[in-house]
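# Sharing a sequence plus its predicted fold:
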Amino acid sequence: MDNKMPNQVGWGERVAYAMSDFACNTIFQIVGTYFLVFCTDTLGVAAAAVTGLFVITEIIDSIDGVIWGQFIDRTHTKWGKS
């Protein structure tokens, strides 16, 4: 007997999504780390200033993610939600 809910995503799709998300986040972290080293070593910006820049962008990203999510949830067109 299958205990799967009608709208539940299968394990194969979950694992595939997790693997692609892991790869995306790994690349993002590598680029972010390189940018931090570049700003401090090449441009001569203080590490605290670059860290503050990273914090500010994460705060803005957390706020605009909610705004865009609400916008997409309320969008209903013949082409879909987004």
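Happy to help now that I have it.
# tally of neighbours for F22?
As a burial measure, F22 scores 10 neighbours (other CB atoms under 10 Å). In this view, the C-beta of every residue, glycine as well, is placed from N, C-alpha and C.
# Tell me how far it lies from F28.
11 Å (CB to CB, to the nearest Å).
# What of V66?
Applying CB to CB, the value for V66 to F28 is 20 Å.
# Ok, R74 next?
Using CB to CB, one gets 28 Å for the distance from R74 to F28.
# Same question for I60.
Distance, I60 to F28, by CB to CB: 16 Å.
# Spit out the contact partners of L36.
Applying CB atoms under 8 Å, 6 or more residues apart in numbering to L36 gives the contacts A47, V50, T51, F54.
# Read off the pLDDT value for it.
L36 carries a pLDDT value of 92.
# returning to what we had before: would TSV of the contacts of L36 with neighbour count and distance to Y34 be doable?
Formatted as TSV, these follow (neighbours: other CB atoms under 10 Å; distance: CB to CB, whole Å):
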residue	neighbour count	distance to Y34
A47	12	14
V50	17	12
T51	13	15
F54	14	13
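# List just the nearest of those to E13.
Closest approach to E13 among these (CB to CB): F54, at 32.3 Å.
# Which secondary structure element is home to the closest one?
Here F54 is covered by helix 47-73, with elements defined by DSSP states H and E.
# Buried ones in that helix, by neighbour count?
Neighbour-count burial for helix 47-73, counted by 16 or more other CB atoms under 10 Å, picks out V50.
# List the contacts of the residue nearest the centre of the chain.
By CA atoms, centre = their mean, the mean C-alpha position of the chain lies nearest to N25, the distance being 7.5 Å. By CB under 8 Å, 6+ apart, N25 lies in contact with nothing.
# and what of L53?
Counting by CB under 8 Å, 6+ apart, L53 has no contacts.
# Can you tell me how far it is from F35?
To F35, L53 is 10 Å away according to CB to CB.
# Tell me how the chain divides into domains.
In terms of domains, the chain is parsed into 11-45, 46-82 (source: automatic domain parsing).
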